[in-house]
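Student: Sharing a sequence plus its predicted fold:
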Amino acid sequence: MNKTKWLSDPAHSEIGFKVRHMMITNVTGNFDVFTVEMQSSEADFSDAEMQFEADIASVNTRNAQRDEHVRSADFFNAAVHPKMTFQSTSFKKVVDNEYTLAGILSMCGISRNMSLPVTFTGTVIDPWGQVKAGFEIGGVINRSDFGLKWNTITDEGTIALDEQVKLIVNVQLVKQV
């Protein structure tokens, strides 16, 4: 059976993250430049293959000084590793609209297997006749697993940044004809 190709609608999608800062609040950020592609022959996406690529230079935490630090060798080292990628190895339906997405996440020259929970939020035909599908993807990664080890200790003895990073991915895909 032929697979249908779906591409992200950047105006209605986001690839974001949250990390605990000073262990009292969260700093949020996203990648402004990314692509998500999916192929599936099943209407419920039970045989889907997904890949995404984010431009590290597009990281945006709403603070220019922090963004430059995050792009530096202390964190992503965007000059050496300009892309973050994900390639699925499976997309399995768990129950109803809940799935598990397994694959390989690569950033900073390091690749790791991971599984993420996915909610398929449905399909719709927009006012311009395009078929769109929505997905919410969450999960947590350990940033040091990818070489993102920079940290400092506060005067009170706590760390500046948590090791755990929450992923917040909301993707609206457009069916390609």
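Tutor: Cool, the structure landed. Since this is a predicted model, take the numbers as computed values, not measurements. Residues are numbered from 1 along each chain as shown.

Student: And the pLDDT for the nearest residue to Ser13 once chain neighbours are set aside?
Tutor: Excluding its sequence neighbours, the residue lying closest to Ser13 (CB to CB, 6 or more residues apart in numbering) is Val171, at 4.6 Å. For every residue, glycine as well, the C-beta is placed using N, CA and C. Looking at Val171, its pLDDT is 97.

Student: Distance check, Val171 against Ala78.
Tutor: Taking CB to CB, to the nearest Å as the measure, Val171 and Ala78 are separated by 23 Å.

Student: do the same with Lys18
Tutor: Lys18 is 20 Å from Ala78, where distance means CB to CB.

Student: more neighbours, these two?
Tutor: Shown here are Lys18 and Ala78; by other CB atoms under 10 Å, Ala78 has more neighbours (20 against 17).

Student: residues touching that one, list them.
Tutor: Residues near Ala78 by CB atoms under 8 Å, 6 or more residues apart in numbering: Ile56, Ala57, Val59, Arg71, Ser72.

Student: What does the fourth one show for phi and psi?
Tutor: It refers to Arg71. phi -80, psi -20 (degrees, to the nearest 10).

Student: so the spatially closest residue to it that is not a sequence neighbour is in which element?
Tutor: Nearest residue to Arg71 in three dimensions, chain neighbours excluded: Ala78, at 4.2 Å (CB to CB, 6+ apart). In the assignment (DSSP states H and E), Ala78 maps to no helix and no strand.

Student: Pull out the buried residues from stretch 18-33.
Tutor: With burial defined by 16 or more other CB atoms under 10 Å, the residues of stretch 18-33 counted as buried are Lys18, Val19, Arg20, Val27, Gly29, Asn30, Phe31.

Student: Tell me what the residue lying closest to Lys83 once chain neighbours are set aside is bridged to.
Tutor: Spatially, and ignoring its direct neighbours in sequence, Lys83 is nearest to Glu53 (5.5 Å; CB to CB, 6+ apart). The residues listed as beta-bridge partners of Glu53 by DSSP bridges are Thr35, Thr85.

Student: what ranges do the helices span in this protein?
Tutor: Remark: helices assigned in the chain by DSSP state H are 64-71.

Student: Name the spans of the chain whose pLDDT lies under the cut-off.
Tutor: When residues are selected by pLDDT under 70, those of the chain lie in 151, 159.

Student: Which stretches in it count as strands?
Tutor: 4-8, 14-21, 25-31, 34-40, 49-55, 59-60, 83-95, 98-107, 110-125, 131-137, 140-142, 161-175 (DSSP state E).

Student: contact partners of the shortest one?
Tutor: Outside strand 59-60, the residues that touch it by CB under 8 Å, 6+ apart are Gly29, Asn30, Phe31, Asp32, Asp67, Val70, Arg71, Phe76, Ala78.
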